[in-house]
Each structure stands twice: as structure tokens, then as C-alpha cells.
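A.B. asks: what would the 3D arrangement of this be:
(chains A and B)
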Amino acid sequence: MINYPKKPSPSLLVLIGIPGGIFFSVFSFLQIGFNFQDFKNNLSNRYLVTDPLFNPKWAWAWENSSDALVETIQIAILASIIGCAVALPLSFYASRATNLNKYSYFVYKSFLNLVRTIPDLFWAMIFTVAVGIGPFAGVLALLMFSLAIMGKLLSETIDSIDPGPMEAAKATGASHNQSVFTSALPQVLPNFTAYFLYIFELCIRASVILGLVGAGGVGRIIETQRIFLRFDRISPIIVLILVVVILIEQFSVWLRRKIL
Amino acid sequence: MNIPKQPLNQRIFKYSLTSLIVVSAIWSASGLEITLDRILNAPAQIGTLVGAMFPLDLSSEAFERIIPKVFESLFIAWAGTVIGAIFSFPISFLAANNITIGSVNRVIKQILNGIRAFPELILAFVFLPITGLGPLTGTLAVGIHSIGTLGKLSSEVIEGIDEGPLESIKASGGSKINELTFGVIPQVMPTITSYWLYRFEINLRASAVLGVVGAGGVGQELINQLRFRDFPRAGTVLICTIVLVLTADTISAAIRNRIIKGKTVKS
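C.D. replies: Below is the predicted model:
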């Protein structure tokens, strides 16, 4: 007879978490009001959407959206460059490895967390009210968006750098700032560039929808056509956006491989 | 002292990249007609808006309107994540190249890429005429987008498993199904569960903005208050959203940490 080791009893997390998760899921679906019968009935209305969606008006889209598409790309470029440039010094302050002051570390870290909790479109809404409708609001919104992501990614990278070079610099008599500048910064620069390209891709994707709240870009055209349910004009725009996004992603993948 | 120089081609690459960034920034700024004047005015304008939000509208009437919307966002995000998790789980096995043959997983991967390419908001307003104004539209949009992203992440986890346990199951006479249930799933489950939670955090932010097109959630409330220039109430909406997202993030991050790193033993 083989003596099997006893299976460990499931942890408290599993005991509470799984039934709790299932209960919460059922509760959520009930709250949302998922009714299969209604859904099936409504599905018969789908021709309202699918017919125009699959009969794209290419000529119209090309004529009217190419300028806005360029604007979208410009918003993404400007916002990701400025956002990442601002995030570079901030994330050194928001990392325990390079900021020795406990309190200012906490302040910077909380600031970055706070910026990160507000979704990109909320920023866009706030800035359209503050600085007026147009691409400038979009740039500011995406700037906050890329600042938040870069701040999080980069400060966590700085947390995990090799402390050796910084120590070596200090041993030769460098001040703390000098050691950060000469030893910590070069260690994270390749990561910074890779993150920058990643954030640029995210910004291109995010900038497409900014126009829905009036923050410029190709979303502006989507929004006006959406209100009139002109899906035949929206679908070619979406395809155009997809092509641009894929091209830019390929370029950035190529560049990232070259850098790393 | 003789300091070695950086190789020439590296320097050329570095300078050309820098100039590319600078040139594209200038091109963008001039194309968007962003003048120095506007940049200098912006902080004051933002300050005015933030100032207008305070003191926040803390009346019970405001909370009665806002709190249900905030929770609606939470339910949309959770239900969307559940849809994404349920459907992406089997699909991710089909998309993994060590489980299925090459042509199948390549096709499934391309489908997942296609799904992922559409932002939630675009999915939401395409569904809107079919499913109506309300949280159901948002849930479907969030759920379908999650299928794409979770499917990709999960299939990558499955591709990275240790093949050893599978071999030993095969050696002891296990079938292909046994390999999956006893070899693959126990290995990938912790990582995939933590991805589900991570996706929930992202979906929470996504579901908050879905209200902009009328697909339920707190975004509707914010855009309405901003349009009616009721800034104190808009501020309350923002604060409520921040509190919700921060709380959900903290809880979810703690659970993810526990799942991945295991129980912390007090020493």
C-alpha cells in the first residue's frame, strides 16, 4: 500500500474567494439586466447596423478623414514625447532606490498613482472644458495618460536596478545626485526607450477615441457620423485606423528590436 | 586617459533617432497649431476649472445619482471580465502552439488579434443600436475586447509551460485530456487568474468611460455634469470614480500578489 501524502486543505483565499467571485458575478449579471429573450429579439434589429457596416463608403472616408487621421497621429506623437519626457525625472523621485527622502518619495508615488486612476477619456473631458475643444485638449489628456504609465513602469524598473554602480560612484566621491545621473540613469535608458515606443502605440490607439468628447483627431468624424448612425461611413474609417495602427506597431517593434 | 569611443554606427543610430523624435515633435506641434501662448495659459485655465469643482457637491441628492452609476461601472467591468475569462480560457488552449497544430493556432491567433484591434468604445457604439442604451452594451463591449486580450495573454502563458509534467503523464499512460487537466491547467492557472484580475483593473477604467456613448456607467454622469457646467457635482463624480478605482486596484493587486507569490510566512 502506497502512502499518499495528504492533499493540503485549500487556503482561506480559495474558500472565500471562489464562492464570493461566483456570487459577485451572478449579482453583476443580474444588475446589468442580462435578459436572453430580449437579446434575441433585439438581435433581429442587427441589419440596422450590419448592413451599412459591411457596405463601406471608401471614397467618402478617404476624402474626409485623412486630415483628421494625421491630426490623430500628431496628437499621439506630441503627447507621448512630452509625457515621457516629464515622467523621466518624476519616476526617479518616485523610486525608493534613487529617492532617499521617504516623504517626498511618498508624495511623488501617490501623485503618479492618482494620475493613473483617472481614465484617459476623463482627462480629455476635463481638458476640453478647461482649455477648449480641439486637439490641444487631446494632447494634454494623452500627456497625463502617458505620464502615468511611464511613471509606473519606469519607477518600478528603477526600483530593481543593480545598486552596485551607484555604490561605486559614491565610493569615488560622487554626490547622490551625481551617482543617480551617472549610474542609475544609463541602466534604465534602454528600458525607457522601449517603454516609450510601447506608450506611443497605446497613445495612437487612445487618440482615436479622444474625438468622441471633442478633443480632436479622427474620433471627431466618427462621433458626428455615429450620431446619424452612418455606419457605412464609420466602418472604412475604422479600417483605415486599423491599418495605420498596425503599420506604426510594426515600425515600433522593429525599432525596439534594434534598440534592445 | 583613453576612454573607448562608442562605435560609429551606434552613434549614427542614436543621433538619427533623436533627430527623428525632435522633428516629429515639431511637425506635430505646428500641425496642431499649439502656440506658446496657449501652453502658458493652460495651467491657469486648468486651475480655474479645478477651483470651480471645490467645494464638492456633497448633497445626498448628488450621491443618490452618482453612487448607483459608480457601482454600475463596477458591475460592467466585472461581468465583462467574467465573459472574457469564460470564453478566452478554452480559446487560449486552441491558440497555444504547443497544444494544437500550427495552422489552427495561427488562425485563432489572428482572430484574437483582430478582436483586440477594436477599442471598447468603438465596439460599444456599434452594439448600441442592437442592445440599447444601458449597461448591457457596455458589458458586451468590454467582454468581447477582453476575450481578445485575455486570449492572447493566456495562450502565451500556456506556450511557456514546462513540458516535463506532460511527458511524465504520457509515460504513465495518460491521455491527451489527462495531460491538459493534470499537466497544463495546474501550471498555468495561477498566472491566468492573476491576468483575469489585472484585466478587471483595466476594464474598470474602460467601463468608466463607456458612458460617453451611453453604454452605462459613470462616464455618462461626468459628461452630463460637465456639459451643464455643474462643476461641483462633476468633481464629486471624479472623486467617487477615483475612490472606486483605487479601492478595486488595491484589493485586486493584493490578491494577485498572493496568487503569484504564495502565502507570506511571518518570520
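
A.B. asks: what does the stretch 101-250 of chain B put close to chain A?
C.D. replies: Taking C-beta under 8 Å from any C-beta of the partner chain as the test, the list of the stretch 101-250 of chain B residues beside chain A reads B:117-119, B:121-122, B:125-127, B:129-132, B:134-136, B:139, B:205-206, B:208-209, B:212-213, B:216, B:219, B:222-223, B:226, B:238, B:241-242, B:245-246, B:249. Using the backbone N, CA and C atoms, a C-beta is placed for each residue, glycine as well.

A.B. asks: if any of those residues are buried, put those into a ChimeraX selection.
C.D. replies: Once 16 or more other C-beta atoms under 10 Å in any protein chain shown is used to decide burial, the buried members of these can be selected in ChimeraX as follows:
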select /B:117,118,119,121,122,125,126,127,129,130,131,134,135,136,139,205,206,208,209,212,213,216,219,222,223,226,238,241,245,249
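
A.B. asks: which stretches of chain A have low pLDDT?
C.D. replies: For chain A, the stretches flagged by pLDDT under 70 are A:34, A:260.

A.B. asks: go on, the stretch 1-150 of chain B?
C.D. replies: Along the stretch 1-150 of chain B, segments meeting pLDDT under 70 span B:1.

A.B. asks: I'd like the next helix or strand past the longest helix along chain A.
C.D. replies: Counting by DSSP state H, the longest helix found in chain A is helix A:58-93. Next in sequence after helix A:58-93, counting helices and strands by DSSP states H and E, comes helix A:102-117.

A.B. asks: show me what that following helix is packed up against.
C.D. replies: The elements that helix A:102-117 packs onto, with contact taken as 3 or more C-beta pairs under 8 Å, 6 or more residues apart in numbering or on different chains; DSSP states H and E, are helix A:58-93, helix A:135-159, helix B:231-261.

A.B. asks: out of these, which is the most enclosed?
C.D. replies: Ranked by mean neighbour count, the helices and strands packed on helix A:102-117 are led by helix A:135-159 with a mean of 24 (mean count of other C-beta atoms under 10 Å in any protein chain shown).

A.B. asks: and it with chain B, contact?
C.D. replies: Yes. Taking C-beta under 8 Å from any C-beta as the criterion, helix A:135-159 and chain B are in contact, through A:135, A:136, A:139, A:140.

A.B. asks: that helix vs helix A:102-117, what angle?
C.D. replies: 130 degrees (axes from the mean of the first three to the mean of the last three C-alpha atoms, to 10 degrees).

A.B. asks: and helix A:135-159, how far from the chain's centre?
C.D. replies: On the basis of C-alpha atoms, centre = their mean, to the nearest Å, helix A:135-159 is displaced by 8 Å from the centre of the chain it belongs to.

A.B. asks: next SSE after it?
C.D. replies: Next along the chain after helix A:135-159, with elements defined by DSSP H and E, is helix A:164-171.

A.B. asks: which helices and strands does that next one pack with?
C.D. replies: Counting contacts by 3+ C-beta pairs under 8 Å, 6+ apart, helix A:164-171 is packed against helix A:176-179.

A.B. asks: for the helix it packs on, packing partners?
C.D. replies: On a contact count with 3+ C-beta pairs under 8 Å, 6+ apart, helix A:176-179 meets helix A:164-171.

A.B. asks: so which bits of the helix it packs on are buried?
C.D. replies: With the criterion 16+ other C-beta under 10 Å, helix A:164-171 contains buried residues A:166, A:169.

A.B. asks: contacts for that helix?
C.D. replies: Residues external to helix A:164-171 that are found in contact with it (C-beta atoms under 8 Å, 6 or more residues apart in numbering or on different chains): A:97, A:176, A:178, A:179, A:180, A:182, A:183, A:184, A:187.
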